[in-house]
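Engineer: This is the structure alone, sequence omitted:
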């Protein structure tokens, strides 16, 4: 049914139509944006896989681990370079 459907002149015609529709000035920006989106998607997928592995491995902990202390990075121009984030303590216990 689709034998020989994508020949070289089809690709040339497709590229010509894309250039005419979007213009030659916008195509590099669109390609750059597409590349950035692909990199972000790839890094997020990798982070999710690593997070899943950590959750699986921590489901059977051999010993209790202390939570790691988080640090907030200061914004440029801020007088403090960074400061630790203290987890809220439960004040309802008596």
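Structural biologist: Yep, that arrived. In this text, all values refer to a predicted model and were calculated from it rather than measured experimentally. Numbering: from 1, shown residues only.
Engineer: What average pLDDT does the longest helix along the chain get?
Structural biologist: Identified as the longest helix of the chain according to DSSP state H is helix 26-58. For helix 26-58, mean pLDDT rounds to 88.
Engineer: Just the buried residues of it, please?
Structural biologist: Judged by neighbour count (16 or more other Cβ atoms under 10 Å), helix 26-58 contains no buried residues. C-betas here are computed from N, CA, C, even on glycine.
Engineer: could you say what helices and strands that helix packs with?
Structural biologist: Identification of packing neighbours for helix 26-58 by 3 or more Cβ pairs under 8 Å, 6 or more residues apart in numbering; DSSP states H and E yields helix 8-22.
Engineer: Taking helix 26-58 as reference, get the angle to the helix it packs on.
Structural biologist: 100 degrees (axes from the mean of the first three to the mean of the last three Cα atoms, to 10 degrees).
Engineer: who touches helix 8-22?
Structural biologist: With contacts defined as Cβ atoms under 8 Å, 6 or more residues apart in numbering, helix 8-22 is touched by 27, 30.
Engineer: Would it be right to say that residue 6 lies in a helix?
Structural biologist: No. Applying DSSP: H, G, I helix; E, B strand; the rest coil, one finds residue 6 to be coil, outside a helix.
Engineer: tally of neighbours for it?
Structural biologist: Per other Cβ atoms under 10 Å, the neighbour tally for residue 6 reads 9.
Engineer: what's the answer for the one 4 residues further on, then?
Structural biologist: Residue 10 has 11 neighbouring residues, counting by other Cβ under 10 Å.
Engineer: From residue 17, how far out is it?
Structural biologist: Computed as Cβ to Cβ, to the nearest Å, the residue 10 to residue 17 distance reads 11 Å.
Engineer: One more: residue 32?
Structural biologist: Distance from residue 32 to residue 17, by Cβ to Cβ: 21 Å.
Engineer: try residue 52
Structural biologist: Residue 52 is 42 Å from residue 17, by Cβ to Cβ.
Engineer: for residue 54, same thing?
Structural biologist: In terms of Cβ to Cβ, residue 54 sits 47 Å off from residue 17.
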